[in-house]
Structures are given as structure tokens and as C-alpha cells.
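**Q** My questions concern the predicted model and sequence given below.
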Amino acid sequence: MASEHLEHKLALLPDKPGCYLMKNINDQIIYVGKAKNLKNRVRSYFKSSHTGKVAKMVSEVADFETIVTSTNKESFLLEITLIQKHQPYFNIKLKKGTGYPYIKITNERDPQIKIVSKIKKDGGYYFGPYPNVYAAEETMHFIQKVYPLRRCNG
């Protein structure tokens, strides 16, 4: 259950895209996220039940801050920047695998684009690191729309 302070802030959230920064009792940023609709997304943490790492994170939230952006794409880019700047504990804990993901474009006649966890000296072009696998996937989908590359292994 959210405190009176959080309840008041939740009531004032805008129906706009942006990023949110969850803070613990020591005012440390413990999680950064993005939303198409800040009001719906941030409220969902406190208004529905969660399990595992998300429940643990929510139990530690004492305050939050939001930054409204003009577009979803802007909130996506801002989220990456904020995660790289603050290295929030729960963003690092919630990502898949151990290392940070990279986008790799293979050095072949018909280049392939993929998400990898390690940089190898194989002549490929690596971009990253990304704060989490979802950010890498979103960027990869954007690249595929703008510059279609081979998706199959054949």
C-alpha cells in the first residue's frame, strides 16, 4: 500500500509519455522506467500485486520522480541515458543474463543484425552496451525498419 505522500503524487500524474525514477528511503534512484502513459504505468506498480523482483522493488520505493517527454521515442532515449547515468540497482537486477546486451551487425556480404551479450573480435560491428535487453530489442526493431538487414541464418 502506498503512503499518503505517494498517493498524493500518484493522483497528480499526467496522461503523457515520459520516464519515471523510483527512489528508496535514502533518496537513491533504484529503478528507471519509461511509459507511454505515466499515470497508468506508475500507478500500476502501487495498484496491482506483483511477485519476485518487481514486488521487492516496489516495497523499497519511498518516492518517485517523473520527466514528461514529447514522444515515446524521446522517453525511450531518455530512459537509456538515465539508466547509464544512475545505474539503478533494480534495472541491473531485472535484465536478462549477466552482462549488458549489444547489437551486432555481422561483417558478411549480407549482414545480419542480432543481440549478443559479448563483444568478440570477429570483424562484426558492435553497438552498445544497452541498459537492458528490451532497450536493445527496441533499437534493433527501429534499425530493421529504417535499414532492413538479413534476419535468417541461411
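**A** Received the coordinates, thanks. Residues are numbered from 1 along each chain as shown.
**Q** Tell me the pLDDT of G154.
**A** Looking at G154, its pLDDT reads 57.
**Q** repeat for I103
**A** Per the predicted model, pLDDT is 90 at I103.
**Q** could you point out which element follows the least confident helix or strand in the chain by mean pLDDT?
**A** The least trusted helix or strand in the chain, going by mean pLDDT, DSSP states H and E, turns out to be helix 89-94, with a mean of 74. Next along the chain after helix 89-94, taking DSSP states H and E as the criterion, comes strand 102-105.
**Q** now that next one, how far from the centre of its chain.
**A** Between the mean C-alpha location of strand 102-105 and the chain-wide mean there is a distance of 17 Å, by Cα atoms, centre = their mean, to the nearest Å.
**Q** isn't G18 right up against K36?
**A** No - with contact defined as Cβ atoms under 8 Å, G18 does not reach K36; the gap is 9.1 Å. C-betas here are computed from N, CA, C, even on glycine.
**Q** Overlap in contacts, those two.
**A** S75 (Cβ atoms under 8 Å, 6 or more residues apart in numbering).
**Q** If you count surrounding residues, which of the two has more?
**A** G18 (25 against 13; other Cβ atoms under 10 Å).
**Q** Between the two ends of stretch 59-77, what distance do you get?
**A** Here the two ends of stretch 59-77 are set 27 Å apart, with distance taken as Cα to Cα, to the nearest Å.
**Q** Touching that stretch from outside, list them.
**A** Outside stretch 59-77, the residues within contact range by Cβ under 8 Å, 6+ apart are 3, 5-6, 9, 13-14, 16-25, 27, 30-31, 34-36, 38, 42, 45, 78, 135, 138.
**Q** cutoff 6 Å now
**A** Here stretch 59-77 makes contact (Cβ atoms under 6 Å, 6 or more residues apart in numbering) with 14, 16-25, 30, 34, 36, 38, 78.
**Q** Would you check which pair of those residues lies furthest apart?
**A** Distances among the contacts of stretch 59-77 were taken as Cβ to Cβ; the most separated pair is I25 and K36, at 29.1 Å.
**Q** Quick check: mean pLDDT of stretch 119-139?
**A** Averaged over stretch 119-139, pLDDT sits at 85.
**Q** Send me it as CSV with only the CA atoms.
**A** What follows is stretch 119-139 as a C-alpha-only set of coordinates in CSV (Å, rounded to 0.1, in the frame of the first residue of the first chain):
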residue,chain,number,x,y,z
ILE,A,119,32.0,-8.5,-28.0
LYS,A,120,34.1,-10.9,-30.0
LYS,A,121,37.0,-10.0,-32.3
ASP,A,122,35.1,-11.4,-35.3
GLY,A,123,35.0,-8.4,-37.6
GLY,A,124,31.4,-7.6,-36.6
TYR,A,125,30.2,-4.1,-35.8
TYR,A,126,29.0,-3.8,-32.2
PHE,A,127,26.8,-1.1,-30.7
GLY,A,128,26.0,-0.6,-27.0
PRO,A,129,26.0,-1.5,-24.3
TYR,A,130,22.3,-1.1,-23.8
PRO,A,131,20.8,-0.9,-20.3
ASN,A,132,18.7,-4.0,-20.8
VAL,A,133,17.6,-6.5,-23.4
TYR,A,134,14.3,-4.6,-24.1
ALA,A,135,16.1,-1.4,-25.0
ALA,A,136,18.4,-3.4,-27.3
GLU,A,137,15.4,-5.1,-28.9
GLU,A,138,13.5,-1.8,-29.4
THR,A,139,16.6,-0.2,-31.0
